[in-house]
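In: Coordinates for the following, if possible.
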Amino acid sequence: MTPNSNHTSRRWLDSATHHHWLTREGLALLDFHRQARLASGGFAALDGNGRIFEGAGADTMITGRMAHSYALAALQGVPGAAALAEHAIRALSGVLRDERHGGWFEADPATTEDHTKQCYLHHFVALGAATATHAGIPGAAELLEDVVGVIETRFWSSNEQAFVESYDRDWRNLADYRGGNSNMHGVELCLALADVRSEPLWLDRALAIVERLIHRHAADRDYRILEHFHGDWSEWPDYNADQPDDGFYPYGATPGHGFEWSRLMLHLEAALEARGRAAPGWLFSDAAALFDASLRDGWASDGSPGLVYTVDWQGRPHSRRRRHWTHAEALAAAAAFLQRTGDAHYEKWYRQFWDFIDTTFIDRARGGWYQELDSQLSIDPNEGDVKPDLYHAYQATLLPRLPLAPNLALAVKKL
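Out: Below you'll find the model as predicted:
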């Protein structure tokens, strides 16, 4: 991996001041999101002022992400973080788990009627458990064994070489749908499990998923990622055509996911090479093409600053919302490509993404980051004043300072 000759003489990634800024911002985020802890167990979404919504119960995705984030903080040596991670692990092992049929609910069953078993959620239970296991959090290793067993037997399809999407509560009916988002986070989980459990087979699974979703499908669509498929993996490009703003299943292509996929592909390349394995040449070339396509389609494509949420299949802006996570993933991807190539193109965008986040998303008056803004960069009235997500923002303060391999949980102790 020889750096491109087009490099900058003074990179932010080499600046002690920039590293200090990242550390400070990460600690501020951790402090703000401590308020999401429920005394009854687990974590819930916060409003813009950092308060839990009245009557809210534990949320599985949030709790899994909190287990992951506070376990990372514990590995860094942040006081109190281990206790918060353990609080999340207890909820994931208890109230959020289906004791009768196995697997995990979307949320505390006392506060939700949705009892389907969703692959996406199980990946975050496993990611939280994996990171917490490496951090030595009590109960995490047992939880990890449990959830990996469910993922292996229910969600990983050896015939399809990909993850299936969802079942009903008792696992009798598998949804006739396959999803790119759950498989993308499946790649993230595979990278974590390969290192935390020392099981290289997860890298083979990650590579198979990337080959299907990106090398086969996205490459044929000018690197706009198709995320919706029928159960036989035939393309479903008009899925949710009337719901462009859906938070998990929107119509069209999502530039933020293009950035996220591109970064994960660089981690996968590095993980393979770290084990003495040759990565296919298309892995990097497709990743670079994804980054450029996401930038082309996403950045200020509606005439306003920032990344649009979705575009249609011709690259025209569809949902013009500005979501914090798309920008966090864009800067993390730029940092990864800067490490991989040394190219000044990525340095420019790494700085620009952070500058935009600094002036637009960081709420210095109340703490945390604004999560959902409209195209005019005001709080989106359809989403409200909410701050439920620590995971994307906190990782954005860590990833630029870490190597592409090993995985976050192993690498973060060096900070």
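In: low-confidence ranges in the chain?
Out: Within the chain, the stretches with pLDDT under 70 are 1-9.
In: cutoff 90 now
Out: 1-10, 110-114, 243-245, 247, 382, 413-415 (pLDDT under 90).
In: Quick one: the helices in it, in order.
Out: In the chain, the segments counted as helices under DSSP state H are 16-33, 60-76, 81-93, 119-134, 140-150, 180-196, 201-210, 255-274, 281-298, 324-341, 344-360, 391-398, 408-411.
In: Looking at those, spot the one closest to L226.
Out: Judged by C-beta to C-beta, the one of the helices of the chain that comes nearest to L226 is helix 180-196, at 6.7 Å. (Each C-beta comes from the backbone N, C-alpha and C, glycine too.)
In: what's the angle from the closest one to helix 140-150?
Out: 130 degrees (axes from the mean of the first three to the mean of the last three C-alpha atoms, to 10 degrees).
In: Convert the C-alpha atoms of helix 180-196 to PDB, please.
Out: Extracted in PDB, the C-alpha atoms of helix 180-196 (Å, rounded to 0.1, in the frame of the first residue of the first chain):
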ATOM      1  CA  GLY A 180     -28.600  -4.300   2.000                       C
ATOM      2  CA  ASN A 181     -28.600  -2.400   5.300                       C
ATOM      3  CA  SER A 182     -28.600  -5.400   7.500                       C
ATOM      4  CA  ASN A 183     -26.000  -7.100   5.400                       C
ATOM      5  CA  MET A 184     -23.800  -4.000   5.600                       C
ATOM      6  CA  HIS A 185     -23.900  -4.100   9.300                       C
ATOM      7  CA  GLY A 186     -23.300  -7.800   8.900                       C
ATOM      8  CA  VAL A 187     -20.000  -7.000   7.300                       C
ATOM      9  CA  GLU A 188     -19.200  -4.700  10.300                       C
ATOM     10  CA  LEU A 189     -20.000  -7.600  12.700                       C
ATOM     11  CA  CYS A 190     -18.000 -10.100  10.700                       C
ATOM     12  CA  LEU A 191     -14.900  -7.900  11.000                       C
ATOM     13  CA  ALA A 192     -15.400  -7.700  14.700                       C
ATOM     14  CA  LEU A 193     -16.000 -11.400  15.200                       C
ATOM     15  CA  ALA A 194     -13.000 -12.400  13.100                       C
ATOM     16  CA  ASP A 195     -10.800 -10.500  15.500                       C
ATOM     17  CA  VAL A 196     -12.500 -10.800  18.900                       C
END
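In: Now do it: which elements does it pack against?
Out: Here helix 180-196 touches helix 119-134, strand 162-163, helix 201-210, helix 255-274, helix 408-411, going by 3 or more C-beta pairs under 8 Å, 6 or more residues apart in numbering; DSSP states H and E.
In: hang on, the earlier thing: okay if I get the helices of the chain as TSV plus distance to F248 and mean neighbour count?
Out: As requested, the helices of the chain are exported to TSV (distance: least, C-beta to C-beta, whole Å; neighbours: other C-beta atoms under 10 Å):
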stretch	distance to F248	mean neighbour count
helix 16-33	21	17
helix 60-76	10	27
helix 81-93	20	23
helix 119-134	7	27
helix 140-150	20	19
helix 180-196	6	25
helix 201-210	18	20
helix 255-274	11	25
helix 281-298	18	20
helix 324-341	12	25
helix 344-360	22	18
helix 391-398	14	24
helix 408-411	23	20
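In: Can I get the ones you listed in CSV including distance to E235?
Out: Output for those, formatted as CSV (distance: least, C-beta to C-beta, whole Å):
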stretch, distance to E235
helix 16-33, 38
helix 60-76, 27
helix 81-93, 34
helix 119-134, 19
helix 140-150, 28
helix 180-196, 11
helix 201-210, 16
helix 255-274, 16
helix 281-298, 18
helix 324-341, 23
helix 344-360, 30
helix 391-398, 28
helix 408-411, 32
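In: I'd like to know which of those lies nearest to L174.
Out: Of all the helices of the chain, helix 119-134 sits nearest to L174, with 10.5 Å by C-beta to C-beta.
In: re the thing from before, among the helices of the chain, which is nearest D312?
Out: With C-beta to C-beta, the closest approach to D312 among the helices of the chain belongs to helix 281-298: 9.6 Å.
In: contacts for the closest one?
Out: Here helix 281-298 makes contact (C-beta atoms under 8 Å, 6 or more residues apart in numbering) with 207, 210, 214-215, 218-219, 222-225, 253, 255-256, 258-259, 261-263, 265-266, 268-269, 307-308, 311, 315, 326, 330, 333-334, 337, 340, 349.
In: In a markdown table: the helices and strands packed on helix 180-196, plus distance to S15.
Out: Listed next are those as a markdown table, based on distance: least, C-beta to C-beta, whole Å:
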| stretch | distance to S15 |
| --- | --- |
| helix 119-134 | 27 |
| strand 162-163 | 39 |
| helix 201-210 | 32 |
| helix 255-274 | 21 |
| helix 408-411 | 19 |
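In: Which one, of the ones you listed, ends up nearest to N382?
Out: Ranking the helices and strands packed on helix 180-196 by proximity to N382 (C-beta to C-beta) places helix 255-274 first, at 17.9 Å.
In: what angle separates that closest one from helix 391-398?
Out: Using the same axes, to 10 degrees: helix 255-274 against helix 391-398 is 50 degrees.
In: list the contacts for the closest residue to S304 other than its chain neighbours?
Out: Counting by C-beta to C-beta, 6 or more residues apart in numbering, the nearest residue to S304 once its immediate chain neighbours are dropped is S375, at 5.2 Å. Residues in contact with S375 (C-beta under 8 Å, 6+ apart) are D302, S304, V308, R320, R321, R322.
In: need those residues in TSV with neighbour count and distance to L92, can you?
Out: Listed next are the contacts of S375 as TSV, based on neighbours: other C-beta atoms under 10 Å; distance: C-beta to C-beta, whole Å:
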residue	neighbour count	distance to L92
D302	15	39
S304	14	39
V308	25	34
R320	19	36
R321	21	30
R322	26	31
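In: Return the member of those residues nearest to G57.
Out: R321 (26.6 Å).
In: How about the closest one, nearest residue that isn't a chain neighbour?
Out: With sequence-adjacent residues excluded and distances taken as C-beta to C-beta, 6+ apart, R321 is closest to Y309, at 4.4 Å.
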